[in-house]
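Trainee: 3D model of this:
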Amino acid sequence: MSSKCKLVNKTNLLPNKQRAPYRISQTKSRLQTERLVPPYEDCLQSIARDSFMRNLSTVMMSFDWKQHQHFLNTFKQYRTEIEGILIHFLRISIPKEKGRDTVPILLLHGYPGSYWDFFKVIPILTNPTRFGFDFGLKKPIQFEVIVPSLPGFLFSTKPARKGISVTDIARIAAKLMERLDVNSYFVHGSEWLGSEVAISLASMYQNRVQGLHVSNPLVHPKTFSWQVTVKYLMESFTLPIMGLFGKTGDFLDNIPRILPSSDAVEDALSTSPLGTASYLMSAWSLLSTRDPSVLLNDLYTFDELATVSYLYYLTQTTPHALRIMNSFVYDIPSQRILYFRRQVFTPVAILQSPQTPWYSSQSICRHRFLKITSFTETPRGGAFQHLQDPTALAADIFRFVEMILMKKLWYTSSTETSQKIYRYHQERI
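Mentor: Residues are numbered from 1 along each chain as shown. This is a model prediction of the structure:
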């Protein structure tokens, strides 16, 4: 690894390690004094949400940061400066076993997520044998996993200039991989922003990205092309899942609900742990289920949700991430159209989750992804598939990478053995 990448000390992830205990104590004191808005007495959904937030607040007040910090530091973490921004990242792999191939993969989170979202899937990718996975060609494969915190998120520094774009973030990610001396790798992106960064990375650096695995990509119904717009309208009448255009269109229309653009709102979120938690839970709910009556504690543990809230609040991520997302969605129309219309020519695998609030069918995705190798629809999960069903995500990544490596073997060798292996895999799929 480059000498420019510094191993992070296990106690100094917070900006000021001496003040960390004080900041945790201060956060808990604020939680005790902050108040929730009373629910509507005649609305069961409002009452249920109020009860959920009170329970979450109780969990946050008893939160043991040292225990969670110890868990976070089970992964080796590094920082390196790229384009003036200090990028925090994980690099995880187990010692290479004899008879195994190690394949590098870059995992990209989105908003309102973080590198922490992958804590369930990382062990499966890096140590597949332990979880009963057996994918590979002549040798089983395991992954070397690199997970950066995107600029502005958690332990990466916050951009000082306005207008950092998806293209900028993709370029920074590519420079990170280059600095790690990883010149050929796979990429996975999720949570919309992470997907768009991954798409831009695969489009801009085709000679480096062997394959792109993306969860719930969004092909914009109005921006991409008139053919896509027509297909969305037609599919809303012809597909069994009715109202697909409406779902995707409704999500895009509801963007202001999860992306408040006022500086005053951002200032309020930066000083209120309960307000930050309430806002994040609203966004997570929208991205996790299409049923507004389903509470987040039915999908995740309170401990997981408290961790998300603490990480965002303690690192002051929310206001800065909102600025990046507002720039991504609203600012500079010419740039926005550029990356929403960006096409991918490298092999692509798509994983769709039924509870994600948008949906792009395989027919529509083919307009943007010209080499779709696999298109899988899972029976459950939303935009945070890696937390809700990490095994399904890991299995899909393994299948995709195995298929790409087999195709590479097919094209580079004309032996009967390689052809048999490839045909066997096609039958298996």
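
Trainee: Who are the contact partners of residue 215?
Mentor: By CB atoms under 8 Å, 6 or more residues apart in numbering, the contact set of residue 215 is 188-191, 195, 350-353, 383, 385-386, 393. Using the backbone N, CA and C atoms, a C-beta is placed for each residue, glycine as well.

Trainee: can you put the residues you listed in CSV and add pLDDT?
Mentor: Output for those, formatted as CSV (pLDDT from 0 to 100):
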residue, pLDDT
188, 98
189, 96
190, 94
191, 90
195, 94
350, 96
351, 95
352, 92
353, 92
383, 93
385, 92
386, 92
393, 95
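
Trainee: In strands, which of those appear?
Mentor: Applying DSSP state E to these, the entries found in strands are 188-189, 350-352.

Trainee: who wins for most neighbours among those?
Mentor: Neighbour counts for the ones in strands among the contacts of residue 215 (other CB atoms under 10 Å) peak at residue 188, which has 30 neighbours.

Trainee: My guess is that one contacts residue 217. True?
Mentor: No - contact criterion CB atoms under 8 Å: residue 188 and residue 217 do not qualify, at 11.6 Å.

Trainee: Any chance of a markdown table for the contacts of residue 215, columns distance to residue 153?
Mentor: Listed next are those as a markdown table, based on distance: CB to CB, whole Å:
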| residue | distance to residue 153 |
| --- | --- |
| 188 | 17 |
| 189 | 14 |
| 190 | 14 |
| 191 | 11 |
| 195 | 15 |
| 350 | 24 |
| 351 | 22 |
| 352 | 25 |
| 353 | 22 |
| 383 | 16 |
| 385 | 19 |
| 386 | 16 |
| 393 | 20 |
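
Trainee: Nearest to residue 326 among these?
Mentor: residue 191 (16.1 Å; CB to CB).

Trainee: how much space between that closest one and residue 78?
Mentor: 22 Å (CB to CB, to the nearest Å).

Trainee: of those two, who's got more company?
Mentor: Set side by side, residue 191 and residue 78 show more neighbours around residue 191, with 24 against 20, by other CB under 10 Å.

Trainee: how close does the closest residue to the more buried one other than its chain neighbours sit to residue 320?
Mentor: Distances taken as CB to CB, 6 or more residues apart in numbering place residue 110 nearest to residue 191, at 2.7 Å, with adjacent residues excluded. Remark: distance between residue 110 and residue 320 (CB to CB) = 15 Å.

Trainee: what's the answer for residue 379, then?
Mentor: Separation of residue 379 from residue 320 (CB to CB): 36 Å.

Trainee: Have a look at those two and say which one is more surrounded.
Mentor: More neighbours surround residue 320 than the other of residue 379 and residue 320, with 20 against 8 (other CB under 10 Å).

Trainee: Touching, the more buried one and residue 160? I think so.
Mentor: No - at 10.3 Å, residue 320 does not count as touching residue 160 under the criterion of CB under 8 Å.

Trainee: Residue 164: what secondary structure?
Mentor: Under DSSP: H, G, I helix; E, B strand; the rest coil, the three-state class of residue 164 is coil.

Trainee: Number of residues surrounding it?
Mentor: Using other CB under 10 Å: residue 164 sits among 22 other residues.

Trainee: same check, this time on residue 324
Mentor: 25.

Trainee: cool, residue 272 as well?
Mentor: Using other CB under 10 Å, the number of residues around residue 272 comes to 17.

Trainee: how close does it get to residue 278?
Mentor: From residue 272 to residue 278 the distance is 9 Å (CB to CB).

Trainee: Ok, residue 353 next?
Mentor: 24 Å.

Trainee: the more surrounded of the two?
Mentor: Neighbour tally, residue 353 and residue 278, criterion other CB under 10 Å: the higher count belongs to residue 353, 25 against 19.

Trainee: just checking, that one touches residue 376?
Mentor: No - counting by CB under 8 Å, residue 353 does not reach residue 376; the two are 9.8 Å apart.

Trainee: And stretch 188-207, what's buried?
Mentor: Neighbour counts over stretch 188-207 (16 or more other CB atoms under 10 Å) mark 188-203, 205 as buried.

Trainee: Grab the CA positions of that stretch and hand them over as CSV.
Mentor: Presented in CSV, the C-alpha positions along stretch 188-207 are these (Å, rounded to 0.1, in the frame of the first residue of the first chain):
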residue,chain,number,x,y,z
HIS,A,188,-20.6,-2.3,-6.5
GLY,A,189,-22.8,0.7,-5.9
SER,A,190,-26.0,1.2,-3.9
GLU,A,191,-28.4,3.7,-2.4
TRP,A,192,-28.8,5.8,-5.6
LEU,A,193,-25.9,8.2,-5.0
GLY,A,194,-23.5,5.2,-4.6
SER,A,195,-25.0,3.6,-7.7
GLU,A,196,-24.5,6.8,-9.8
VAL,A,197,-20.9,7.1,-8.6
ALA,A,198,-20.3,3.5,-9.5
ILE,A,199,-21.9,4.0,-12.9
SER,A,200,-19.8,7.0,-13.6
LEU,A,201,-16.7,5.1,-12.5
ALA,A,202,-17.4,2.2,-14.8
SER,A,203,-18.2,4.6,-17.7
MET,A,204,-15.1,6.8,-17.2
TYR,A,205,-12.6,4.0,-16.5
GLN,A,206,-13.6,1.1,-18.7
ASN,A,207,-10.1,-0.2,-18.9
